[in-house]
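[1] no sequence on this one, just coordinates:
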């Protein structure tokens, strides 16, 4: 701490301080490109850039780990918190722009609230270490304000448990588009809700689900390195999809799967109306004969049988949960008349609607 005070030029430790962490992406490759792997020489280049950008400020930097630079900026006690934050954000943007456009270096920059005491720096840096991996999910965002991210481990654990349940469900469909959509939705939630989910934990959740999905498939080999192995979430997704593609539906089968899902949804929404195969095909923009064939293949029964059974199911629900007359039940369930309703009901259930109601009382 004394060394920091001396380097900052404030042995009385008065003032306000901001920590600004700069994590250089592909650090080894960057050092090799600029100095032939001479780390000392690269540090001199790095310091020169900082001196040029921060010449009006007292600052000191250290490298707590390879490729991660921690910059201490000193401000006057008279500066307001808001002005310090605004100025720090501007400096972070200038550093990022200089690295990106002048040196072709990608980095993740995290800055803190103003600190009243240097002794707060250690705890602040530990929080930065937790936040740093979040860049995995936001490859196009390079600047983070530490206090924008509540580092809640329980929220992250709950999210991962929910994600695994959803991914397992999507894997069962063998629909690659749905699986990819589930993955993308998870990443979107991480970004929008600012969850500090560790990339390695996220990758392990994916691997657990995939391992369970492939468990019954003989001669299946797959491997997912830890999340840190991938540059960002897109690279991890590509690896996942490449593993899953041989075990999922073909594009044609996926199209059929989606078509039937839309068909079933329309039936659920309009079963009480006068609908038929031609009506459904027109709304799905497909040929009625094609829809009939695909429906039977995917659902396991013809459209007319499925629709009739669905209407009977809804009729039974109405009988059990309402005091509607049976003729009203027939109408609300989509049957053209009470006679057709009674005949269909008995054929499917083995008893008339009246017998079903009396037995259920």
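    Alright, I've got the coordinates. Remember, predicted model here, so these are calculated numbers, not experimental data.

[2] where does the protein dip in pLDDT?
    1-14, 56, 216-230, 249-255 (pLDDT under 70).

[3] now the strands for it?
    Secondary structure of the chain (DSSP state E): strands located at 16-24, 58-65, 68-75, 107-111, 143-145.

[4] out of those strands, nearest to residue 191?
    Proximity to residue 191, assessed across these by C-beta to C-beta, is greatest for strand 143-145 (11.7 Å). Just so you know, the C-beta spots here come from the backbone N, C-alpha and C atoms, and that holds for glycine as well.

[5] what's in contact with the closest one?
    Strand 143-145 has contacts (C-beta atoms under 8 Å, 6 or more residues apart in numbering) with 85, 89, 92, 93, 96, 108, 109, 110, 111, 131, 134, 135.

[6] One more: stretch 59-73?
    With C-beta under 8 Å, 6+ apart, stretch 59-73 has contacts from 4, 7-8, 17-24, 27-28, 39, 43, 46-47, 50, 54, 57-58, 74, 88, 91, 118, 121, 125, 132.

[7] how near is residue 61 to residue 49?
    11 Å (C-beta to C-beta, to the nearest Å).

[8] Just want to know which of these two has more residues nearby.
    residue 61 (18 against 15; other C-beta atoms under 10 Å).

[9] quick one: that one from residue 135, how far?
    In terms of C-beta to C-beta, residue 61 sits 20 Å off from residue 135.

[10] what's near enough to touch residue 149?
    131, 134, 194, 196.

[11] Give me the buried entries from these.
    Among those, the ones that count as buried by 16 or more other C-beta atoms under 10 Å are 131, 134, 194, 196.

[12] Among those residues, name the ones in helices.
    Mapping these onto helices (DSSP state H) picks out residue 131.

[13] now, which of the buried ones among the contacts of residue 149 sits nearest residue 262?
    For those, the nearest to residue 262 is residue 194 (34.3 Å; C-beta to C-beta).

[14] Distance of the residue nearest to the closest one when sequence neighbours are not counted relative to residue 110?
    Excluding the flanking residues, the one nearest residue 194 by C-beta to C-beta, 6 or more residues apart in numbering is residue 149, at 4.9 Å. Distance from residue 149 to residue 110, counting by C-beta to C-beta: 9 Å.

[15] overlap in contacts of the two?
    Joint contacts of residue 149 and residue 110 (C-beta under 8 Å, 6+ apart) are residue 131.

[16] Now do the helices in the stretch 151-300 of the chain.
    153-173, 176-192, 199-214, 233-244, 251-270, 277-284, 288-299 (DSSP state H, counting those that start in this stretch).

[17] likewise the stretch 1-150 of the chain?
    Under DSSP H, counting those that start in this stretch, the stretch 1-150 of the chain gives helices at 2-8, 27-35, 39-53, 81-97, 121-131.

[18] got a markdown table for these, with distance to residue 173 too?
    As requested, these are arranged in a markdown table below (distance: least, C-beta to C-beta, whole Å):
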| stretch | distance to residue 173 |
| --- | --- |
| helix 2-8 | 56 |
| helix 27-35 | 40 |
| helix 39-53 | 50 |
| helix 81-97 | 41 |
| helix 121-131 | 35 |
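
[19] how about the ones you listed, which one is nearest residue 278?
    Comparing these by C-beta to C-beta, helix 121-131 comes nearest, at 57.4 Å.

[20] Can you point out the buried residues in stretch 264-272?
    So, applying 16+ other C-beta under 10 Å, buried residues of stretch 264-272: 267, 271.

[21] residues in contact with it?
    With C-beta under 8 Å, 6+ apart as the criterion, stretch 264-272 contacts 275, 280, 283-284, 299, 306-307, 310-311, 314, 331-334.

[22] doesn't residue 114 make contact with residue 124?
    No: in this structure, residue 124 is not within contact of residue 114 by C-beta atoms under 8 Å, at 10.8 Å.

[23] Next, the distance between the ends of stretch 63-74.
    This stretch, stretch 63-74, spans 18 Å end to end (C-alpha to C-alpha, to the nearest Å).
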